[in-house]
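Asks: Quick one: sequence plus predicted model below, questions after.
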Amino acid sequence: MTIYIQYMVSTRCKMLVKSELDNLGIPYSKVDYGEIEMQENLSTEQYAKLDRALLKSGLALIDDKKNILIEKIKLCVMDRIHHSEEPLLINFSDYLSGELHYNFNYLSKLFAEVKGTTIEQYIILHKIERIKELLLYDELSLKEIANLLNYSSVAHLSGQFKKMTGLTPMDFKKMRAFKKRIALENV
């Protein structure tokens, strides 16, 4: 049995979920971003207790099929942008369709209907946050960052960054003391 969790975007969230499962004595096989593989089906009481415990930490169990799919889209985007060191060699629409086994038009329409924004805009917001992170680390050149995040050029990356933040990447880098990053769960 797989249980899906909303807002689970960090290693800290995974540790918190494992801790709550252990505290409640609920056996599980695996905890990953956005989901728990259970060893056995949960009783209604166990499900309710887990839900209450997670809500206290800002997480939520989800059981609606549309919301589960939305969460899977978000997790695919975050995983690809924030946790991958390899450039994506295909466009995001093909990647999401392949990962989730749905037509991209359906995914896009559903995402916009539920979230009030497009998948493309969501991807851009995450790319901008990843660019900020990489600029603060100062380990990659802008050209390397552009390649990693599948931008066609440094100019394209810089233009999009300026449009979204009001700053050029270099201006942002100079302002690193302010660390104008947004927490991933708030993107």
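Replies: Cool, got the structure.
Asks: what comes up buried for the one helix or strand residue 123 maps to?
Replies: Assessed by DSSP states H and E, residue 123 sits inside helix 119-137. Of all the residues in helix 119-137, those buried under the rule 16 or more other CB atoms under 10 Å are 119, 122-132, 134-135. Any C-beta I mention is one placed from the backbone N, CA and C, and that applies to glycine too.
Asks: for the nearest residue to residue 94 once chain neighbours are set aside, what are its contacts?
Replies: Of all residues not flanking residue 94 in the chain, residue 104 sits nearest, at 7.5 Å (CB to CB, 6 or more residues apart in numbering). With contact set as CB atoms under 8 Å, 6 or more residues apart in numbering, residue 104 has these partners: 93-94, 96-97.
Asks: Show the buried residues in those.
Replies: Buried among the contacts of residue 104 by 16+ other CB under 10 Å: 93, 96-97.
Asks: Closest one of the residues you listed to residue 108?
Replies: residue 93 (7.7 Å; CB to CB).
Asks: Secondary structure element holding the residue nearest to the spatial centre of the chain?
Replies: Most central in the chain under CA atoms, centre = their mean is residue 78, positioned 2.9 Å from the mean C-alpha point. Counting by DSSP H and E, the element that carries residue 78 is helix 65-82.
Asks: Quick one: name whatever helix or strand follows that helix.
Replies: Helix 65-82 is succeeded, C-terminally, by helix 92-100 (DSSP H and E).
Asks: What residues sit buried inside whichever helix or strand comes after that next one?
Replies: Scanning forward in sequence from helix 92-100 by DSSP H and E, the next helix or strand is helix 104-115. If you call a residue buried by 16+ other CB under 10 Å, then helix 104-115 has these buried ones: 104, 107-108, 110-111.
Asks: same question, stretch 72-88
Replies: 72-78, 80-81.
Asks: nearest to residue 14, of those?
Replies: residue 75 (11.9 Å).
Asks: Grab the nearest non-local neighbour of the closest one.
Replies: Closest to residue 75 by CB to CB, 6+ apart is residue 34, at 4.5 Å.
Asks: Tell me if I'm right that that neighbour and residue 73 touch.
Replies: No. Assessed by CB atoms under 8 Å, residue 34 is found out of contact with residue 73, at 10.3 Å.
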